[in-house]
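> What shape does this take:
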Amino acid sequence: MKFIITLILLCILSLKSFGQIKYSRKEYTNKPMWIQMMNDTSVNYFETVKAFRIYFKRRPLPKEPNEVEGTDRFEIEVGLENEEDGATMEDKIRERTKEKIRQEDLEARRVNRNEPSYSAEVRAFRGWFYSIKPWVKADGRIIGPKERQAIIDNQRRELSNEERANRKN
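Presented below is the predicted three-dimensional model:
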């Protein structure tokens, strides 16, 4: 009997380990694994952002149609750019010029290789990045829809109770 229970436990543990897909840094660099990862409900948030960052480290990030240069913080939050603390205006202009030249160079190489830009996917990732961020646990796991709804319902109840208490006073 102990043997059967042990065998069942081993099967369950092995199935759990197969369910967690691990990717290598080489795959992150060569393939847009972040697209699959952001559509996976059991994915680690930080690992997905890491895959996105590694993939676009040497590729140009597609620009949004109405994007104003220097106003979007997405690249900084994702980790593609660094925060420019204490830099003078000349340093910032010089850095932006270098970045623009690098982006144009990357864009020229991408067009020559006929590599897709993934602009729609990047837009979807940007939305996913911001909408999922409040639901991420410290270890990178994403709170599921049922747990989210329970949190929202609990907050509504608390707010309703507070409003009732304030009306009495």
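> what comes into contact with stretch 134-154?
Thr41, Val43, Asn44, Tyr45, Phe46, Glu47, Ile132 (Cβ atoms under 8 Å, 6 or more residues apart in numbering). Where C-beta positions appear, they are placed from N, C-alpha and C, glycine not excepted.
> Quick check: the farthest pair among the residues you listed?
Pairwise distances across those peak at 15.6 Å for Thr41 and Phe46 (criterion: Cβ to Cβ).
> need the contacts of stretch 134-154 in a markdown table with neighbour count, can you?
Converted to a markdown table, the contacts of stretch 134-154 look like this (neighbours: other Cβ atoms under 10 Å):
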| residue | neighbour count |
| --- | --- |
| Thr41 | 7 |
| Val43 | 20 |
| Asn44 | 18 |
| Tyr45 | 20 |
| Phe46 | 13 |
| Glu47 | 17 |
| Ile132 | 16 |
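> Show me which parts of stretch 25-32 are buried, residue by residue.
Within stretch 25-32, the residues scored as buried using 16 or more other Cβ atoms under 10 Å are Tyr28, Pro32.
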